[in-house]
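Chemist: below are the sequence and a predicted model; questions follow.
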Amino acid sequence: MNSYILGVKLYTTNYSDAASKIVAWAVAGESRRVYAANVHMLMEAYDSREFCDLVNSADLVTPDGLPLVWALRNKGYHDQQRVYGPTLMLELLDVAAAKGIKVGFIGSTKEVLSKLIKRMEKNFPDLVVSASIAPPFRSLNKEEDKQIIEQIQKSGVRILFVGLGCPKQEYWIASHYNKVQAVMIGVGAAFAFHAGVVHQAPEWIQNMGLEWLFRLSQEPKRLWKRYIYTNPRFVYLLSRELVKEKYGKRGNPIC
């Protein structure tokens, strides 16, 4: 099932269901698009019809942020839980190691990817990482992009974790749909978290929905504009949407 929040289609899923779908697609060698949606992504989609359409065309969009989980519960999905990108990544690596499914990582830097892979191979001894790509922090030309596609295809990767940041990673995944025969999953800052180069918010802070504040304290120069501008707008727009739905003024859910 799915529901719309500010025009974005979110799937009412959980870790087990999401992992099951992704693994089935991976085993079948299918090209699929999976996004983990938080407030930032929804506001990017709200401000861009193109990006909204891109997100809504995905095969699976999980409620990554707790405010989205609370919104879904308010809409009647009372048992909805958070399906957090970094945690989903660990769940999938565990299953991939057990089933011999090849995985790959694209994004961040060579140093971060090296630390990430060492940690993940230690935690999941049977894990097969067959591709690790740190693309330059600029637009790639056609030849460079072709080489990356060929590298991924030759590696046999079936689950590709994409850590390029929102919305860049979602655009990258969409543009490589049916070019890369793997399940491509946007996981944002998960590489830095699991590599140990950026501290992840403690669970009690996450459960309070204050992870954004913790991350802001860790990277204020990079994130202050996003959170100061995005969060108040989201609260206002979501409140307006919920009030309209309560009084029967549902309207068109699409962006």
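Modeler: Sure, I can see it.
Chemist: the closest residue to L90 other than its chain neighbours: neighbour count?
Modeler: Spatially, and ignoring its direct neighbours in sequence, L90 is nearest to H194 (7.4 Å; C-beta to C-beta, 6 or more residues apart in numbering). Bear in mind the C-beta positions are built from the backbone N, C-alpha and C, glycine included. Neighbourhood size, H194 [other C-beta atoms under 10 Å]: 25.
Chemist: which of the helices or strands spans H194?
Modeler: Assigned by DSSP states H and E, H194 belongs to helix 190-195.
Chemist: quick check: Q81 is in a helix.
Modeler: No: under DSSP: H, G, I helix; E, B strand; the rest coil, Q81 sits outside any helix and is assigned coil.
Chemist: contacts only, for it.
Modeler: 14-15, 69 (C-beta atoms under 8 Å, 6 or more residues apart in numbering).
Chemist: how about a cut-off of 7 Å?
Modeler: Going by C-beta atoms under 7 Å, 6 or more residues apart in numbering, Q81 touches 14, 69.
Chemist: got it, and the one 10 residues further on?
Modeler: By C-beta under 7 Å, 6+ apart, E91 lies in contact with 15, 19.
Chemist: what helix or strand is it located in?
Modeler: E91 is part of helix 85-99 when elements are defined by DSSP H and E.
Chemist: ditto for G104
Modeler: Assessed by DSSP H and E, G104 sits inside strand 103-107.
Chemist: report the inter-axis angle for that strand versus helix 85-99.
Modeler: If you take axes from the mean of the first three to the mean of the last three C-alpha atoms, to 10 degrees, strand 103-107 sits at 150 degrees to helix 85-99.
Chemist: what's the spacing between the helix or strand following strand 103-107 and its chain's center?
Modeler: Downstream of strand 103-107, the first helix or strand assigned by DSSP H and E is helix 110-123. Chain-centre distance of helix 110-123: 19 Å, with C-alpha atoms, centre = their mean, to the nearest Å.
Chemist: burial of G100, as a residue count?
Modeler: Neighbourhood size, G100 [other C-beta under 10 Å]: 10.
Chemist: show me which residues of stretch 141-157 are buried.
Modeler: 145, 148, 151-152, 155, 157 (16 or more other C-beta atoms under 10 Å).
Chemist: now the strands for the stretch 151-255 of the chain?
Modeler: Ranges of strands in the stretch 151-255 of the chain, per DSSP state E, counting those that start in this stretch, are 159-163, 183-186.
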